[in-house]
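In: Take this sequence and fold it.
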Amino acid sequence: MITVCSLARLSETVERTGARRLVTLISAGTEVRRPQSIAAGDHLFLAFNDITAPAEGLTPPGEIHVRQLLDFVGAWDRAQPMVIHCFAGISRSTAAAYISACALSPHASEVTLAKALRTASPSATPNARLVALADTLLGREGRMTAAVKAIGRGADAYEGTPFTLDIAAAAGRP
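Out: Presented below is the predicted three-dimensional model:
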């Protein structure tokens with residue numbers, strides 16, 4: 001299970017879910033206190049801005065960030081839940097959750113996984129650049145990008161409500 005939340009809801013979400021792995025996707029310089037229950041080696045910290053195109057003075061998500069995410073998720077034994085968060089729990093973290101679902105379910109339909117994301121989170125608006133980079137790295141030939149585009153922009157929200165994406169159920173596995 002992957003649970004997505006905002007920075008403000010991080011500690012309570014980790015405690016509630018019993019997560020033992022954590023992915024942080026946040027702008028450089030943002031203070032993030034790793035919950036005590038998460039070992040340092042089980043925390044992936046990716047620093048970049050929530051943008052979809054290069055902009056002066058900002059760091060866009062890059063291939064290296066997606067590769068690190070894929071490696072981290074690929075090493076997850078799924079025995080304990082994982083929490084993925086960004087600042088608002090709407091864009092970077094939902095993209096990372098979708099990317100993780102696609103990576104962990106290589107034969108699942110991108111559309112099915114995107115629809116599961118939308119059902120779990122009405123406000124999810126996955127960062128298009130992150131999804132496009134993962135689409136290429138996972139060899140999904142544009143299907144991830146098209147599926148996220150098809151679910152459209154999520155409902156307006158300042159902060160996303162924490163949600164859990166059951167990857168096995170989303171992929172149609174028991």
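In: which residues does the residue of the chain positioned farthest from its centre contact?
Out: The outermost residue of the chain relative to its centre, with distances by C-alpha atoms, centre = their mean, is residue 56 at 24.9 Å. Contact partners of residue 56, counting by C-beta atoms under 8 Å, 6 or more residues apart in numbering, are absent. The way it works is simple: take the backbone N, C-alpha and C, and place the C-beta from them, glycine included.
In: give the contact list for residue 115.
Out: Contact criterion C-beta under 8 Å, 6+ apart gives 147, 151 as the residues in contact with residue 115.
In: Spell out the secondary structure type for it.
Out: Using DSSP: H, G, I helix; E, B strand; the rest coil as the criterion, the local structure at residue 115 reads helix.
In: Geometric centre of the chain: which residue is closest?
Out: When the chain is reduced to its mean C-alpha position, the nearest residue by C-alpha atoms, centre = their mean turns out to be residue 96, at 2.1 Å.
In: which non-adjacent residue is nearest it?
Out: Take residue 96 and drop its neighbours on the chain: the residue closest to it by C-beta to C-beta, 6 or more residues apart in numbering is residue 84, 4.9 Å away.
In: For the one you found, grab the count of nearby residues.
Out: 28 (other C-beta atoms under 10 Å).
In: wait, doesn't it sit right on residue 3?
Out: Yes. At 7.5 Å, residue 84 counts as touching residue 3 under the criterion of C-beta atoms under 8 Å.
In: Show me the shaky parts of the chain.
Out: Along the chain, the model assigns pLDDT under 70 to residues 170-174.
In: show me where it has strands.
Out: Under the criterion DSSP state E, the chain contains strands at 2-6, 21-26, 43-47, 82-86, 163-165.
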